[in-house]
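[1] I would like to see how this sequence folds:
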Amino acid sequence: MARISAGIATSHVPAIGAAIDNGRTRDEYWAPVFEGYEFVKEWVKDNTPDVVILVYNDHASALMLDIVPTFALGFAEEFLPADEGWGRRPVPTVHNHLELAAHIAEQLVIDEFDITLINEMDVDHGLTVPLSLVFGQPEEWPCKVIPLAVNVTQFPTPSGERCWKLGEALRNAVKTFPEDLNVQVWGTGGMSHQLQGTRAGLINAEFDQRFIDLLAHEPEELKYITRIEYLRETGTEGIELIMWLIMRAALGYGVEEKHRFYRVPASNTAVGHVVYEARS
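    Sure, this is the predicted structure:
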């Protein structure tokens with residue numbers, strides 16, 4: 001049977017991808033950010049999964065305003081890196097695990113999640129930057145990746161509680177898949193940041209740190225943070241943190257925190273990162 005062995009959460013700042021692609025990871029500005037990912041790059045060598053379910057949000061690269069699904073599962077055989085206005089990132093093509101993706105889709109519908117299936121799309125920095133931060137710059141990604149896109153850009157966005165339930169449903173779906181697979185779930189985005197308006201540049205380190213403190217062993221409280229509270233406390237883009245809740249719920253009750261990292265700033269974003277191993 002398939003099992004979820006670990007979860008990773010990380011910010012997915014596009015400028016981080018540019019720093020990697022342009023060989024600037026050791027620059028004075030960027031070095032402290034990338035030092036925070038040295039642990040996971042070593043850890044994953046002994047914990048490489050067969051499949052990553054990567055929870056992210058599209059940034060108007062594949063999903064425009066004409067169609068805005070709340071939850072969408074990538075259902076193509078492969079996904080090219082998106083051209084976000086400055087060319088495609090020089091990273092490998094993402095290859096899907098279609099059999100597991102199909103099983104997850106069916107089980108989510110049974111669990112009353114009316115998931116959208118996307119048969120053709122490119123994947124932007126929301127998905128490729130986390131892969132680069134964990135796996136570096138390989139010729140090919142070392143595992144299959146199932147993209148799970150969450151709407152955090154257009155209201156109404158899903159609530160934290162709804163995302164938590166989706167994580168639980170993912171866990172149930174994976175553990176009923178008959179093939180012996182080592183699966184990880186990654187939640188991406190955040191932490192606090194606002195890119196526009198009178199509060200552009202907003203960072204709320206106190207909120208971010210408390211979120212990380214609670215996520216491993218007391219996540220129940222985080223389920224009930226409202227969308228308006230995210231907006232008020234973490235800026236217009238801080239609601240991306242609901243995608244971390246999907247990861248955390250998918251791991252079940254017991255986790256071991258292997259690593260945590262927090263850095264301000266990276267571009268105009270508070271960068272957060274955690275690595276959890278599932279106990280059950």
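[2] burial of Ile110, as a residue count?
    The number of residues packed near Ile110 is 12, by other Cβ atoms under 10 Å. Every C-beta, even on glycine, is put in place using the N, C-alpha and C of the backbone.
[3] in the chain, what spans have low per-residue confidence?
    280 (pLDDT under 70).
[4] can we see that at 90?
    60-67, 84, 86, 155, 195-196, 200-201, 253, 265, 279-280 (pLDDT under 90).
[5] Show me where it has its helices.
    For the chain, helices defined by DSSP state H occupy the ranges 14-21, 31-35, 38-43, 98-110, 125-135, 160-175, 205-217, 227-234, 242-250.
[6] And these: which comes nearest Ser192?
    Nearest to Ser192, of all those, is helix 227-234, at 3.9 Å by Cβ to Cβ.
[7] Can you list the buried residues in the closest one?
    The neighbour-count check on helix 227-234 (16 or more other Cβ atoms under 10 Å) flags Arg227, Tyr230, Leu231, Glu233, Thr234 as buried.
[8] residues contacting Lys258?
    For Lys258, the contact set (Cβ atoms under 8 Å, 6 or more residues apart in numbering) comprises Phe39, Trp43, Val275, Tyr276, Glu277.
[9] Derive a ChimeraX selection command for the buried subset of those residues.
    Burial among those is assessed by 16+ other Cβ under 10 Å; the matching ChimeraX selection reads:
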select :43,275,276,277
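[10] Can I get the contacts of Lys258 in CSV including distance to Ala149?
    Shown next, in CSV, are the contacts of Lys258 (distance: Cβ to Cβ, whole Å):
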residue, distance to Ala149
Phe39, 27
Trp43, 26
Val275, 23
Tyr276, 22
Glu277, 26
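[11] one step back: can you tell me which of the buried residues of helix 227-234 is nearest Ala105?
    Closest approach to Ala105 among these (Cβ to Cβ): Arg227, at 26.0 Å.
[12] which ones are touching that closest one?
    Phe155, Thr157, Ser159, Ile239.
[13] just Glu237 next, same as before
    Contact analysis of Glu237 by Cβ under 8 Å, 6+ apart lists Val152, Gly189, Gly190, His193, Gln194, Leu195, Thr269.
[14] my guess is the fourth one meets Ile239, correct?
    No: here His193 lies out of contact with Ile239, judged by Cβ atoms under 8 Å, at a distance of 10.6 Å.
[15] The residue lying farthest from the centre of the chain and Asn204: what is the separation?
    With distances taken from the mean C-alpha point of the chain and given as Cα atoms, centre = their mean, the most distant residue is Thr198, at 27.5 Å. For Thr198, the distance to Asn204 equals 16 Å [Cβ to Cβ, to the nearest Å].
[16] Distance to His217 for the buried residues of helix 227-234 - can I get that in JSON lines?
    As requested, the buried residues of helix 227-234 are exported to JSON lines (distance: Cβ to Cβ, whole Å):
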{"residue": "Arg227", "distance to His217": "24"}
{"residue": "Tyr230", "distance to His217": "21"}
{"residue": "Leu231", "distance to His217": "27"}
{"residue": "Glu233", "distance to His217": "22"}
{"residue": "Thr234", "distance to His217": "21"}
